[in-house]
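1. Next input, structure requested:
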Amino acid sequence: MAAALAAIYRHPVKSLGVEALDEVRLEAGQTMPGDRVWAVAHEASKFDPAAPAWVHCANFARAAKAPQLIAVTAALAEDGETVTFSHPHRRDLTAKPDTAEGAAAIVEWMKPLVPEGRAAPAAIARAPGRGMTDTDFPSISLGSVATLHALSHAARHRLSPLRFRMNLWFEGTLPWEEFEWVGHQFTLGGARLRVAERVGRCSATTANPETGEVDVDTLKVLRDTWGHTQFGVYAEVIEPGLVRRGDTLKRV
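-> Numbering: from 1, shown residues only. A predicted model of the protein is given here:
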């Protein structure tokens with residue numbers, strides 16, 4: 001295996017924007033710094049701001065229910081507190097999610113992107129000490145460029161990696177080879193990871209990240225071609241270290 005790190009992405013607010021990085025320092029037992037720091041609880045959410053903790057993704061606004069959200073890009077400022085959001089159909093917004101004013105501005109900015117009949121964005125949520133990943137453990141997501149190409153070929157459509165909202169993308173492997181990583185440990189740059197499980201996919205991946213429009217039934221293509229709806233793997237950081245694009249993933 002010669003898996004080279006091709007891209008690094010973080011998503012400062014869950015389901016609300018993506019940002020590319022050249023490097024990142026991973027911390028043991030933590031999600032990627034700056035990734036899913038915040039989420040947007042909808043009006044039916046069970047997230048309790050009085051006792052903030054991780055809760056299931058169904059409690060938050062997400063692209064599976066509001067495809068236009070997939071077209072948002074975001075940039076987290078160096079202060080770690082300020083986020084700038086962009087969308088093809090909205091004016092850019094710069095706000096601090098931890099402030100009352102900033103949280104209100106983000107919620108109002110999002111509302112036109114959520115279809116009528118869906119639970120409307122209501123409040124910013126944050127769980128101390130960890131990002132709001134889809135897993136109940138602090139995870140980093142890993143994707144394969146080769147697997148993406150295989151899925152694109154089967155779908156007869158060039159699929160952007162941004163549909164899948166992964167943190168780390170690797171090239172130089174065989175399609176679906178990443179499924180064989182589950183249960184094994186790897187070094188990447190100065191960090192060490194343990195691959196924990198496969199990623200189950202939802203309808204968020206059917207939307208085009210450039211337009212926010214649903215255009216490819218990725219779940220049907222996965223089921224019809226490979227008999228499942230999984231894509232990518234989740235890993236835990238077990239030793240901290242700096243990770244850069246071009247670093248090689250090596251099995252320990």
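2. ok now do the closest residue to residue 185 other than its chain neighbours, which residues does it touch?
-> Spatial nearest neighbour of residue 185, excluding adjacent residues (CB to CB, 6 or more residues apart in numbering): residue 252 at 4.4 Å. (Glycine included, C-beta is placed from N, CA and C.) By CB atoms under 8 Å, 6 or more residues apart in numbering, the residues touching residue 252 are 184-187, 192.
3. Contact partners for the residue most central in space within the chain?
-> Nearest residue to the geometric centre of the chain (CA atoms, centre = their mean): residue 165, 3.5 Å. By CB under 8 Å, 6+ apart, the contact set of residue 165 is 9, 11, 18, 141, 204.
4. Out of those, give me the one that has the most neighbours.
-> Of all those, the most densely surrounded is residue 11 (28 neighbours; neighbours counted as other CB atoms under 10 Å).
5. Surely it and residue 35 touch.
-> Yes: using CB atoms under 8 Å, residue 11 and residue 35 qualify as a contacting pair, with a distance of 5.7 Å.
6. just the helices in the stretch 101-250 of the chain please.
-> Secondary structure of the stretch 101-250 of the chain, counting by DSSP state H, counting those that start in this stretch: helices at 145-155, 218-226.
7. Could you single out the most deeply buried of these?
-> Counting by mean count of other CB atoms under 10 Å, helix 145-155 has the highest mean neighbour count of the helices of the stretch 101-250 of the chain, with a mean of 18.
8. Summarise which helices and strands it is packed against.
-> For helix 145-155, the contact count by 3 or more CB pairs under 8 Å, 6 or more residues apart in numbering; DSSP states H and E identifies strand 168-171, helix 218-226, strand 230-239 as packing neighbours.
9. The first one pairs with which strands?
-> Within its sheet, and counting by DSSP bridges, strand 168-171 is paired with strand 3-10 (antiparallel), strand 140-144 (parallel).
10. For it, report the contacting residues that lie outside it.
-> For strand 168-171, the external contacting residues (CB under 8 Å, 6+ apart) are 3-9, 140-146, 148, 161, 178, 188, 243, 249.
11. Show me just the buried residues among those.
-> For the contacts of strand 168-171, burial is judged from neighbour counts taken by 16 or more other CB atoms under 10 Å, and it is met by 3, 5-9, 140-146, 148, 161, 178, 188, 243, 249.
12. where does residue 71 fall, phi/psi-wise?
-> Here is the backbone geometry of residue 71 (degrees, to the nearest 10): phi -90, psi 0.
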